[in-house]
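In: fold the following and give me the result.
(2 chains)
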Protein chains: 2
Amino acid sequence: MVVRTRDRIALTARELFNLEGEQNVAMVDIAMAMDISPGNLYYHYRGKEQLIPALVDLFEREIEQLLHAPLDNLDSLGDHWSYLYLLLEAIHNNRFIYNNLTDISQRDKSLARRFARTLALKRKTVGALCTKLSKQGHITLDAPSRDNLLDTLVLTLTYWLNYAALQYPNEDLSIRLHRGVYRLATLLAPYMNDRQAFAEHCRLLYQSQLPIKPTGAIAPA
Amino acid sequence: MVVRTRDRIALTARELFNLEGEQNVAMVDIAMAMDISPGNLYYHYRGKEQLIPALVDLFEREIEQLLHAPLDNLDSLGDHWSYLYLLLEAIHNNRFIYNNLTDISQRDKSLARRFARTLALKRKTVGALCTKLSKQGHITLDAPSRDNLLDTLVLTLTYWLNYAALQYPNEDLSIRLHRGVYRLATLLAPYMNDRQAFAEHCRLLYQSQLPIKPTGAIAPA
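Out: Predicted coordinates:
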């Protein structure tokens, strides 16, 4: 498949923004990284104010593909686990957006509205996951608890990677993502029907899916 | 009291960074807002790379004054409520730092270490609050639940204002702060000894402290 220059620019810019921070990367850095002329770059994107909305398009395509996916196939707790892992991974791949949500929103109000829309969509999907877990007999939720739980789940999903990066800057990525899923799972703990069994199941899932053994410092309690 | 130019610069810069986003404000904007010459500004701070660590100093002084405060006086739930409100307010007053934690950390590793230290201090203080609430007979926490709860409380405390700003950009500040305290309180719900009474107490505290009545859309469930 031939990747068009326009798309190659977007992917390169995203990678540089993710690695070095959006405000530490200039348009000319992107041209240099791609070995194209600044003129060619500007032919596709007139500046960051055109590039960033294009990257938000890309992010929305990636995350909405997950958020709109049918959840019918999520049978086991392991399936739920993998699904949340993929969501966190999509956020990681677009993390410069999450690192700059407020600044980007301040510069471009239409992007602020799109971020609020994605947040609402996350809440809807996480709600559907909770409904499924209830129907599968894992958890019991009354309406006010459900409302509070969904807010906490969405806040955690949204800011987990930022928080973890502050806590342990050099953590292995896969551990960071699995630790995020584990954190989300523990938020359900108070609502589990068989708390002991569910907690044990989550702990085993966490340990089995890690590529390397976590050290004491980063293993969840 | 005479405020020194150096301190006036810091306070003006913080205000501009908070309102417009750090990366949208140049040194010359700060000089213009203060009606001083760029030369005078540069005499005090050579650039943002000197100014930002000074603002982190200011932030740390403000938040540590709260985090190190003796908690002995927190007798009623209302006292706990006010304390958490003050913590959120301190974060609000320094919100440009929270909006750019990752970018600032990427530019200056020594600041990244200081942010991690503040995070650990928050966790310690929130832990002391939970111990106090346990001793006062409000909640019961076993060790693993406590560990998970503290992480969730610190994550929520750290990112609540960013999350709320995404959700409701035009929300009244006092409502946003009280809604944050309410959100933190609801995280304790599963561990309350008398869940009904505690929940009702928190709901009343929330409603009584609001300067204006919240609309349906932003009132917590």
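
In: give the contact list for the residue of chain A found nearest chain B.
Out: Closest contact between chain A and chain B, by C-beta to the nearest C-beta, is at A:Pro190 (3.0 Å). To be clear about C-beta, it is placed using only N, CA and C from the backbone, and glycine gets the same treatment. Applying C-beta atoms under 8 Å, 6 or more residues apart in numbering or on different chains to A:Pro190 gives the contacts B:Ser145, B:Ala189, B:Pro190, B:Tyr191.

In: now do the first one against A:Ala189, distance only.
Out: For B:Ser145, the distance to A:Ala189 (C-beta to C-beta, to the nearest Å) stands at 7 Å.

In: follow-up on the earlier one: now a ChimeraX select for only the buried ones of the contacts of A:Pro190.
Out: Only the buried entries of the contacts of A:Pro190 go into this ChimeraX selection, using 16 or more other C-beta atoms under 10 Å in any protein chain shown:
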select /B:145,189,190,191
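
In: now, which of the contacts of A:Pro190 sits nearest B:Leu121?
Out: B:Ser145 (21.9 Å; C-beta to C-beta).

In: pull out the buried residues from the helix or strand where that closest one lies.
Out: If you go by DSSP states H and E, B:Ser145 is part of helix B:143-167. If you call a residue buried by 16+ other C-beta under 10 Å, then helix B:143-167 has these buried ones: B:145-167.

In: stretch A:75-85 too?
Out: Going by neighbour count (16+ other C-beta under 10 Å), the buried part of stretch A:75-85 is A:Leu77, A:His80, A:Trp81, A:Tyr83, A:Leu84, A:Tyr85.

In: the second one: which element?
Out: A:His80 belongs to helix A:77-93 when assigned by DSSP H and E.

In: chain center to that helix, what's the gap?
Out: Relative to the chain's own centre, helix A:77-93 is displaced by 8 Å; criterion: C-alpha atoms, centre = their mean, to the nearest Å.

In: packing partners of that helix?
Out: helix A:48-67, helix A:109-135, helix A:143-167, helix A:173-188, helix A:195-209 (3 or more C-beta pairs under 8 Å, 6 or more residues apart in numbering or on different chains; DSSP states H and E).

In: okay, the angle between the helix or strand hosting A:Asp29 and helix A:48-67?
Out: Assigned by DSSP H and E, A:Asp29 belongs to helix A:27-34. Interaxial angle, helix A:27-34 versus helix A:48-67 (axes from the mean of the first three to the mean of the last three C-alpha atoms, to 10 degrees): 60 degrees.

In: tell me the helix or strand right after helix A:27-34.
Out: By DSSP H and E, the next helix or strand past helix A:27-34 is helix A:38-44.

In: state the mean pLDDT of that following helix.
Out: Per-residue pLDDT over helix A:38-44 has a mean of 95.

In: what is it packed up against?
Out: Where contact means 3+ C-beta pairs under 8 Å, 6+ apart, helix A:38-44 is packed against helix A:5-20, helix A:27-34.

In: what residue ranges in chain A score low on pLDDT?
Out: Counting by pLDDT under 70, chain A contains low-confidence ranges at A:1-2, A:210-221.

In: do that again at 80, thanks
Out: A:1-3, A:195-196, A:198-199, A:209-221 (pLDDT under 80).

In: domain map for it?
Out: For chain A, automatic domain parsing gives the domain ranges A:1-46, A:55-209.

In: which residues touch the residue nearest the centre of chain A?
Out: Nearest residue to the geometric centre of chain A (C-alpha atoms, centre = their mean): A:Ile91, 2.5 Å. By C-beta under 8 Å, 6+ apart, the contact list for A:Ile91 reads A:Ile63, A:Tyr98, A:Leu157, A:Thr158, A:Leu161.

In: A:Leu119 is in contact with the fourth one, correct?
Out: Yes - here A:Thr158 reaches A:Leu119: they are 7.0 Å apart, a contact under C-beta atoms under 8 Å.

In: overlap in contacts of those two?
Out: Common neighbours of A:Thr158 and A:Leu119 (C-beta under 8 Å, 6+ apart) are B:Leu166.

In: ok, the closest residue to A:Ser110 other than its chain neighbours - contacts?
Out: Among residues not flanking A:Ser110 along the chain, A:Pro53 sits closest, at 7.8 Å (C-beta to C-beta, 6 or more residues apart in numbering or on different chains). A:Pro53 is in contact with A:Asp108, A:Ser110, A:Leu111, counting by C-beta under 8 Å, 6+ apart.

In: could you rerun that using 10 Å?
Out: Counting by C-beta atoms under 10 Å, 6 or more residues apart in numbering or on different chains, A:Pro53 makes contact with A:Tyr45, A:Ile104, A:Asp108, A:Ser110, A:Leu111, A:Arg114.
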